[in-house]
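just the structure for this:
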Amino acid sequence: MIKKFILKNFKSHKNTQLDFSNLTVFCGINGVGKSSIIQALLLIRESYLKNSKFDYLDLKSNPVNIGTAQDALYQFNTNNIISFEITTNKNKLHYSFEIPKDSDLVKTLIYKSKNVKHISDNNIIANENLFNKNCQYISASRLGPQGAYKKDDVVIDVYNQISVINGQAEYFVHFLEKKRNNEVLKILCNNKVQLNDLFSQTTAWEREISEGINIEIKDIGNLGFELNFDFNTESGKTNKFKSTNVGFGITYTMPILVAILSSKPDSILFIENPESHLHPNGQSKLIELICLAAQAGIQIVLETHSDHIINGILVQCKKFEESQKGLSKENVSIYHIERDEKLHCSVSTKIKIEEGGRVRYTPKGFFDQFTIDRKFLMGF
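As a prediction, this is how the structure comes out:
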């Protein structure tokens with residue numbers, strides 16, 4: 001599990017040091033470097049998977065396509081070196097990459113450091129969650145409702161992935177169908193159904209978002225899989241509806257549910273904007289599951305713009321204090337990211353969670369728009 005991450009001279013991050021927890025959350029206005037933190041970790045992962053010696057950083061690899069070295073380098077750097085340091089439960093991995101002079105054209109960066117533990121020692125990193133198949137990335141650009149979803153046995157059986165291209169989760173339907181009978185961790189099971197298999201639990205949690213919904217996956221041969229839904233009624237069930245004719249948020253949330261419910265302790269999930277297209281109640285239910293997973297030892301890294309997600313985390317922290325269900329505040333790191341206008345670099349502030357799920361002394365811009373609007377409406 002990642003415990004600390006330091007990135008220097010990468011995009012807007014001049015020198016950013018972050019303490020990671022079971023659940024690590026990044027928030028802040030647009031364009032301040034939140035996604036860049038996730039991109040950096042995925043860039044390291046994918047470069048290693050393509051080249052286990054890890055003697056270069058591939059800036060054009062999926063799921064992160066940075067571009068050229070100039071795109072990756074912090075504009076006001078002083079030494080033309082991008083460096084990363086990852087501290088895990090067992091290891092500290094530090095590596096640096098020197099930017100060549102023709103950086104406008106270069107798409108790979110050459111490994112520079114020689115005096116630190118090198119990531120190519122597979123014995124060191126074989127069990128680190130960032131570098132094995134127990135890692136999933138679900139991006140903000142994940143696919144919405146589709147007429148057909150891709151199938152690929154190798155992606156599912158060998159690599160255990162729901163995404164290949166840009167975190168789109170294009171294989172999540174095949175993943176769910178292939179692993180539908182897999183057992184879900186008991187702590188993650190929705191107790192409104194008795195079955196604990198992946199398909200039943202995905203359906204149960206989807207019903208927390210859209211009441212009475214049922215999922216159907218239909219194999220349509222070379223075209224892939226068709227995803228359909230129907231709904232329970234007092235007299236039975238409705239007709240079946242294609243995913244393209246059902247609320248956008250239902251399909252948009254399913255990859256997150258599948259990724260979480262199929263994970264085991266010490267997996268790592270990167271999830272961008274879990275709140276997208278969800279009613280506040282649905283956001284609250286989704287973050288409840290996310291918090292349960294984090295407490296179970298599944299490491300989750302989130303980017304969010306939603307106060308409902310943040311408030312949902314605080315609710316789960318208070319629940320844990322009262323009943324040991326939910327998420328311990330000791331297992332959460334929430335960061336508010338801002339921009340230093342003078343240096344044009346990212347600045348991170350860790351939000352302290354106190355007893356009862358309360359937060360105090362938060363920086364300006366930390367989900368304060370509701371208070372600002374309310375004061376105006378009340379004439380203050």
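
helices of this structure, start to end?
Counting by DSSP state H, the segments of the chain that form helices are 34-50, 69-72, 122-125, 153-157, 172-178, 198-209, 248-261, 280-295, 307-323, 369-377.

what is the fifth one packed up against?
I take that to be helix 172-178. Using 3 or more Cβ pairs under 8 Å, 6 or more residues apart in numbering; DSSP states H and E, the elements in contact with helix 172-178 are helix 153-157, helix 198-209, strand 213-219, strand 225-233, helix 248-261. The way it works is simple: take the backbone N, C-alpha and C, and place the C-beta from them, glycine included.

turn the ones you listed into CSV, including mean pLDDT and distance to Tyr361.
As requested, the helices and strands packed on helix 172-178 are exported to CSV (pLDDT from 0 to 100; distance: least, Cβ to Cβ, whole Å):
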stretch, mean pLDDT, distance to Tyr361
helix 153-157, 96, 46
helix 198-209, 97, 33
strand 213-219, 97, 42
strand 225-233, 96, 45
helix 248-261, 96, 31
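
and these, which is most packed in?
Mean neighbour count (mean count of other Cβ atoms under 10 Å) peaks for helix 248-261 among those, with a mean of 23.

distance between stretch 343-361 and the chain's centre?
Taking Cα atoms, centre = their mean, to the nearest Å, one finds stretch 343-361 lying 20 Å from the centre of the chain it belongs to.

so for that stretch, what's the average pLDDT?
In this model, stretch 343-361 carries a mean pLDDT of 92.

and that stretch, how far apart are its ends?
End-to-end span of stretch 343-361 (Cα to Cα, to the nearest Å): 24 Å.

buried stuff in that stretch?
345-348, 351, 353, 357, 359 (16 or more other Cβ atoms under 10 Å).

tell me who's in contact with the nearest residue to Gly249 once chain neighbours are set aside.
Excluding its sequence neighbours, the residue lying closest to Gly249 (Cβ to Cβ, 6 or more residues apart in numbering) is His277, at 3.6 Å. Counting by Cβ atoms under 8 Å, 6 or more residues apart in numbering, His277 makes contact with 144, 247-249, 252-253.

and which of the buried residues of stretch 343-361 is nearest Cys291?
Gly357 (11.2 Å; Cβ to Cβ).

possible to save the helices and strands packed on helix 172-178 as a markdown table with distance to Ser323?
As requested, the helices and strands packed on helix 172-178 are arranged in a markdown table below (distance: least, Cβ to Cβ, whole Å):
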| stretch | distance to Ser323 |
| --- | --- |
| helix 153-157 | 37 |
| helix 198-209 | 19 |
| strand 213-219 | 28 |
| strand 225-233 | 30 |
| helix 248-261 | 21 |
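
tell me the pLDDT at Gly247?
So Gly247 comes in at 89 (pLDDT).

what residues are up against the closest residue to Asp153 other than its chain neighbours?
Nearest non-adjacent residue to Asp153, counting by Cβ to Cβ, 6+ apart: Lys178, 7.7 Å away. With contact taken as Cβ under 8 Å, 6+ apart, Lys178 is in contact with 153, 156-157.
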